[in-house]
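Asker: Sequence and predicted structure are below.
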Amino acid sequence: MQAAPERASFDKIPKSVVIGAGLVLVSLVIGIGLVFGFVSGERDRDLAAWQTRLSIVAESRTAAVSGWLARQEQEVQSLADNDALRLYMTAVSLAGTGQSDLDAALAQAGYLRNLLVVEAHRTGFEAPVGPDVGANVGHEGRAGLALVDRNGRVLVATPGMPRIEGALADFLKGLPAAKAGIRDLARDGAGEASMAFAAPVFGLQADPTPEGQIGWILGIKEVAGELYPLLKQPGATETSAEALLVSDGGSVVSYLSPRADGTAPLAASSPRHGADSAGDAALDKPGAFGLFRDYRGRDVLALSRAIPGTSWILLYKVDRAEALADSDQRLSRLLTALLLSVVLAAALILAYWRHGSSLRAARAANSYRLLATRFEQQERLLRLVTDSQPNAIAIIDGEARYRFANRKAAEEAGTRVPDMIGKPVANVWGADAARRYLEIDRASLLRTGHVEATHRIRDRMGAERVVEIHHVLINPTLDLPLSDLVVESDVTGEVMERERRIRILAQLARTLVGVVDRRDPFAADHSLKVARIARAIAEEMDLSPELRQTAEIAGNLMNLGKILVREDVLIRETPLQPDELRAVHRGLEATADLLRGVEFDGPVVETLRQARERVDGAGAPGGLKGDEILITARIVAVANAFTGMVSRRAHRDAIALDKAIETLMDEAGRAFDRAVVSALVSYLDNHGGRAAWAAMEAESPMP
């Protein structure tokens, strides 16, 4: 009965009003299209201007770097063309085979040594050397100039010249005859960025051909002080501008120059086709310009240029926020003007629709009352549901203030819910206690929408508790800014039980290992060493904490089956017979069966069962191969083989670490996983593994 008056009211609206409202709406749509078209054109013009600016800078820095490389080559080449140097080299090459003839030629080296010292000082091919001391102690060479004959023998060199061996010798051997060459950027013995430049030296009257070449002039230079300053553009005003030298590292973008985040040159890389799209674009398409993300995850405008004659790419970039700040402000002003136009148009429409305004207002008021009632009911339902939960639940906005809290959250804080809303978290909990809510990875939360953290805390009674906090991102709404939903769960019981189980398993492992060690004194501490090596390999491979623990426990228990082997076989100092070896192997295979009923957190039993498998499929007991074998089993296999080789046994002596590594490398891809062997070598050579092994050996009891 109430709908008829509404229809009658709408029927009274003049047709001209409807037409006028339609024209206003059409005008608004056209205006919005024109504004956004204009803004888009302005943005394109701004980007074109920045492309020109970045191109000028990139060309300038590319020319500076190319010029510097050319100067280094020219300095070395000018020495190679020096007549006195060529005369001396010719004399040496024509000297007789007798030692006296060679000594006579070498006696003329004083002048050339002084020449090289002067040229090294003038051209920067020198590096500081330590003070001379009255002892037969050499210095680690870092830079210098040297004359090298075609056999790689150094005839004359400046003080501080590195020894020509290893990679440096390979560089000279790999150079084409009669051609100059450059060794790419690398770290020297002092950790500094270094390059090598070589030019052929030809006989005094010989043609510049391979037959006429009698040696090389070789220059080594630490380049950080000369090369990297060339990347800075004089007069640049952009605070976020950065020029980088990058190269293709296969699966990674390699950074050859220092980065603005403080990373040293040659010390950083990022995965190809990963987060660093600016580096990928520079390598995939040198010269490309566009909006990318840099290694810090920032939006940048970037442009690249290839450095001629090298594998280097110069990448020049500036933060988008700085580059397009003016453009963004113009866009904001245009949008503001558009909103004002919308308000004005709305006012006109309201004027045209004044005849039906009272009815619409009444309907709107009624709708708002219904919505308010519904929201109030929903809020009561939400609070009823959250207050019934055993977990503390709260909503914290971007200013670290409480927007919502349930009863459990208030009880944990020792206050009331109304006293929490609108207050900073630090005021409710105190600065120290509030850190567990505030010190989270905000970048990860914005990227993934969910972050978890576990904390050990003291409650108000002083008891230790373990809480697990889940942060869930809440996108902004009209009533709520960008916030995160915080759910705190008390997991003290679960954590304490897990830690108790871990302690029990560790005690069991020590007890069982002790049983084996008493029966086989020559293998005392063998399981402990295997466990430590296995855990070190797992950490080197960055496996999860559960897999690291699995590898360690399996290493500790793998020899438990030896309790089934006769003691006289274990301690015999003569080689074992085939049937005795089979008995030892059966004992090792029985370890998994002995532990089958023990509940471990990880796949310990299956790791022990597969520890004698081979990656080529020729192992036992299941003939598994490759990735069919658990990674923890592949790790324990390598750790056991390594420990066994470098440890003394009843029937043989220990072998050297390097010999054991060589044996493992020979078997990589057949008996052992190549990645696991590489991780062991990296641990030994790069992360203190050799010293750790020596300490374990010193702690082991001698039989």
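Answerer: Alright, I've got the coordinates.

Asker: Which parts of stretch 486-502 count as buried, going by neighbours?
Answerer: 486-490, 492, 495 (16 or more other CB atoms under 10 Å). Any C-beta I mention is one placed from the backbone N, CA and C, and that applies to glycine too.

Asker: Can you list which of those are found in helices?
Answerer: 492, 495 (DSSP state H).

Asker: got TSV for the buried residues of stretch 486-502, with pLDDT and distance to Val385 too?
Answerer: As requested, the buried residues of stretch 486-502 are exported to TSV (pLDDT from 0 to 100; distance: CB to CB, whole Å):
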residue	pLDDT	distance to Val385
Val486	84	16
Val487	86	13
Glu488	80	17
Ser489	79	16
Asp490	73	19
Thr492	75	24
Val495	72	27
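
Asker: how is this structure carved up into domains?
Answerer: Domain segmentation of the chain under automatic domain parsing yields 81-126+141-227, 375-490, 495-699.

Asker: Quick one: mean pLDDT over the first one.
Answerer: In other words, domain 81-126+141-227. Averaged over domain 81-126+141-227, pLDDT sits at 86.

Asker: what's in contact with stretch 405-421?
Answerer: With contact meaning CB atoms under 8 Å, 6 or more residues apart in numbering, stretch 405-421 is reached by 383, 386-387, 389-395, 402-404, 428-429, 460, 488.

Asker: What's the ChimeraX line that selects buried ones from the residues you listed?
Answerer: Selecting only the buried entries of those in ChimeraX, with 16+ other CB under 10 Å as the criterion:
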select :386,391,392,393,394,395,402,403,404,428,429,488
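
Asker: now, which of the buried residues of stretch 486-502 sits nearest Asp673?
Answerer: Checking the buried residues of stretch 486-502 against Asp673 by CB to CB gives Val495 as the nearest, at 33.3 Å.

Asker: Skipping its backbone neighbours, what lies nearest that closest one in space?
Answerer: Excluding the flanking residues, the one nearest Val495 by CB to CB, 6 or more residues apart in numbering is Val466, at 4.3 Å.

Asker: Okay, buried residues for the one helix or strand that neighbour maps to please.
Answerer: Assignment of secondary structure by DSSP states H and E places Val466 within strand 464-474. In terms of neighbour count (16+ other CB under 10 Å), strand 464-474 has its buried residues at 465-471, 473-474.

Asker: Closest to Pro208 out of those?
Answerer: Taking the buried residues of strand 464-474 together and measuring to Pro208 by CB to CB, the closest member is Leu473, at 68.4 Å.

Asker: I'd like to know how many residues surround the spatially closest residue to that closest one that is not a sequence neighbour.
Answerer: Distance criterion CB to CB, 6+ apart; nearest residue to Leu473, sequence neighbours excluded, is Gly449 at 4.4 Å. Neighbour count of Gly449, defined by other CB atoms under 10 Å: 13.

Asker: doesn't Val472 make contact with Gly449?
Answerer: Yes. If you go by CB atoms under 8 Å, Gly449 and Val472 touch, sitting 6.8 Å apart.

Asker: Span of stretch 188-206 from start to end?
Answerer: 35 Å (CA to CA, to the nearest Å).

Asker: start at 6 instead
Answerer: Sounds good: first residue 6 from here, last item stretch 193-211.

Asker: For that stretch, list every residue counted as buried.
Answerer: For stretch 193-211, a neighbour-count test (16+ other CB under 10 Å) marks 193, 197-209 as buried.

Asker: got a markdown table for the domains of the chain, with distance to Leu296 too?
Answerer: Listed next are these as a markdown table, based on distance: least, CB to CB, whole Å:
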| stretch | distance to Leu296 |
| --- | --- |
| domain 86-131+146-232 | 29 |
| domain 380-495 | 19 |
| domain 500-704 | 33 |
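
Asker: nearest to Ile318, of the ones you listed?
Answerer: That would be, of the domains of the chain and by CB to CB, domain 86-131+146-232, which comes in at 12.9 Å.

Asker: tell me how far the closest one is from the chain's mean position?
Answerer: The chain centre lies 39 Å from the centre of domain 86-131+146-232; the measure is CA atoms, centre = their mean, to the nearest Å.

Asker: Likewise for stretch 490-509?
Answerer: Using CA atoms, centre = their mean, the offset of stretch 490-509 from its chain centre is 30 Å.

Asker: and what of stretch 287-295?
Answerer: Using CA atoms, centre = their mean, the offset of stretch 287-295 from its chain centre is 23 Å.

Asker: Which of the helices or strands spans Ile542?
Answerer: helix 531-545.

Asker: same question, Leu117
Answerer: Counting by DSSP H and E, Leu117 is part of helix 114-128.

Asker: After that helix, heading C-terminal, what element do we hit next?
Answerer: Immediately after helix 114-128, counting by DSSP H and E, sits strand 149-154.

Asker: Mind listing residues that contact that next one?
Answerer: By CB under 8 Å, 6+ apart, strand 149-154 touches 84, 90, 93-94, 97-98, 117, 121, 124-125, 130-132, 159-167, 169, 177, 206, 219-225.

Asker: coming back round to it: out of the contacts of stretch 410-426, name the ones that lie in strands.
Answerer: 397-400, 407-409, 493 (DSSP state E).

Asker: so which pair among those residues is furthest apart in space?
Answerer: Across the ones in strands among the contacts of stretch 410-426, the longest distance by CB to CB is 15.9 Å; it joins Arg408 and Glu493.

Asker: What's the end-to-end length of stretch 602-610?
Answerer: Counting by CA to CA, you get 9 Å between the two ends of stretch 602-610.

Asker: Give me the mean pLDDT for that stretch.
Answerer: Across stretch 602-610, the average pLDDT comes to 85.

Asker: how distant is that stretch from the center of its chain?
Answerer: How far stretch 602-610 lies from its chain's middle: 32 Å, per CA atoms, centre = their mean.

Asker: list the buried ones in it?
Answerer: The neighbour-count check on stretch 602-610 (16+ other CB under 10 Å) flags 605, 607-610 as buried.

Asker: Pipe these into TSV and attach secondary structure per row.
Answerer: Formatted as TSV, those follow (DSSP: H, G, I helix; E, B strand; the rest coil):
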residue	secondary structure
Phe605	coil
Gly607	coil
Pro608	coil
Val609	helix
Val610	helix
